[in-house]
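Visitor: quick check, what structure comes out for this input:
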Amino acid sequence: MEDFSEIGAIWRGETRRALRSGRVLVLLILFLLFVGLALTVVGFFNHQLNAKFDQQMAMAGADLSQAREQLAAGKKQFLQTFVTEDPAMLDSLAAIPIVLLVVFKLTLRFLPLFIALMGFDQLAGEVGPKSVRYLVVRVKRSSIILGKLLSQVTLFAILMSICTVMMVMVAKVLNTEFAAADVALWTGKLIISSMVLSLAYLSLTALFSALVKQGGISLVLNVIALFVIWFVALIGEAVRFPGEVAAEGTLAMLKAESAFAYLRYASVWHFGDDLLHPHWGRFLTAALVHVGFGLAFLGLAQLALRRRDL
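Guide: Numbers count the residues shown, from 1 in each chain. Prediction:
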């Protein structure tokens, strides 16, 4: 119970301090502006395409329900070509507006960088000037890391909840066929998937913040590690597994077969898409991979801080 009390005290103090910090608030506002800009741009094109489609159908006197079915088929073909070949995933993603999918995917691409900017000095900012000594004589070092990590998780959860609600509401306004039940389902699903995905990267940021004394060096190392993670996944996904058959009309047909395809499993980034998979087995596997990477990074961070001379 004492450990929980220590973690809770650090969590409360760090969260209050972060919310009062000008840098953190500026970062939160900038990220909200980025999401808002992406929604505006993608939503504008979505609205224009919908209006043009309805106008052409009205002028041609076509059966609107049949035209909608053709549009849905075209959307599914687009998703199969550029997003996924998994039939279950295709059916699931076809139920949400393209504007929501595009903006959410774009947001996830920038989340690891935002997390690095938000928390690169959570430990390094106190280890360098030695102010962390006031904490280590009162609480365990593991409690410091966990309390600060929980503070980052809290800030991130608030931000992603706001951003996701914004995305879903705009998608609902632009696509009236987006049913209320789907709105509720996908709001929860997108928030949960983004939070699970963030666990690995929040722990990675904590690791580099515990390794070095200077916040700037921590940020640089964190960004380098992110590019390594992305690059490993990119190499693995740029080729097909030996003997793998690609579906007609997909980008996979353009990929060569290579054993390098197995590299994708060494990168947590590869498992991000499965967090939106409709089958619980695939979702839980992806979630466990992110939690596993997060625990590994967090364990290394605790080991690094425990061995430091503070």
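Visitor: quick one: low-confidence ranges for the stretch 51-200 of the chain?
Guide: Within the stretch 51-200 of the chain, the segments meeting pLDDT under 70 span 51-78, 80-83, 124-137.
Visitor: tell me the centre residue of the chain?
Guide: residue 108 (3.7 Å; CA atoms, centre = their mean).
Visitor: correct me if wrong: it contacts residue 196.
Guide: No: assessed by CB atoms under 8 Å, residue 108 is found out of contact with residue 196, at 11.3 Å. Bear in mind the C-beta positions are built from the backbone N, C-alpha and C, glycine included.
Visitor: report the distance from the helix or strand harbouring the residue nearest to the centre of the chain to the chain centre.
Guide: According to DSSP states H and E, residue 108 maps onto helix 98-119. Relative to its chain's centre, helix 98-119 lies at 6 Å (CA atoms, centre = their mean, to the nearest Å).
Visitor: what packs against that helix?
Guide: Packed against helix 98-119 by the contact rule (3 or more CB pairs under 8 Å, 6 or more residues apart in numbering; DSSP states H and E) you find helix 22-60, helix 141-174, helix 180-211, helix 215-237.
Visitor: relative to residue 14, which of those helices is closest?
Guide: Nearest of those to residue 14, taken as CB to CB: helix 141-174 at 3.6 Å.
Visitor: got the contact list for the closest residue in space to residue 38 that isn't next to it in sequence?
Guide: Spatial nearest neighbour of residue 38, excluding adjacent residues (CB to CB, 6 or more residues apart in numbering): residue 103 at 4.8 Å. By CB atoms under 8 Å, 6 or more residues apart in numbering, the residues touching residue 103 are 35, 38-39, 42, 167.
Visitor: between these, which has the most around it?
Guide: residue 167 (27 neighbours; other CB atoms under 10 Å).
Visitor: where's the nearest residue to residue 265 once chain neighbours are set aside relative to residue 9, distance?
Guide: Taking CB to CB, 6+ apart as the measure, residue 265 lies nearest to residue 236, with 7.1 Å between them; neighbours along the chain are not counted. Going from residue 236 to residue 9 by CB to CB, to the nearest Å gives 43 Å.
Visitor: the two: which has the busier surroundings?
Guide: Neighbours were counted for residue 236 and for residue 9 using other CB under 10 Å; residue 236 has more, 20 against 15.
Visitor: the more buried one touches residue 259, doesn't it?
Guide: No: at 10.1 Å, residue 236 does not count as touching residue 259 under the criterion of CB under 8 Å.
Visitor: picking that back up, need the max-distance pair from the contacts of residue 103.
Guide: Pairwise distances across these peak at 10.6 Å for 35 and 42 (criterion: CB to CB).
Visitor: what's the neighbour count on residue 267?
Guide: Counted with other CB under 10 Å, residues neighbouring residue 267 total 21.
Visitor: which ones are touching it?
Guide: 229-230, 232-233, 236.
Visitor: with residue 258 instead?
Guide: Residue 258 touches 239-240, 242, counting by CB under 8 Å, 6+ apart.
Visitor: what pLDDT is listed against it?
Guide: The per-residue pLDDT reported for residue 258 equals 85.
Visitor: just the one 10 residues further on next, same as before
Guide: Model confidence at residue 268, given as pLDDT, is 92.
Visitor: and what of residue 203?
Guide: 93.
Visitor: is it true that it touches residue 298?
Guide: Yes: applying CB under 8 Å, one finds residue 203 in contact with residue 298, separated by 4.4 Å.
Visitor: buried residues in stretch 219-238?
Guide: 219, 221-223, 225-226, 229, 232-233, 235-237 (16 or more other CB atoms under 10 Å).
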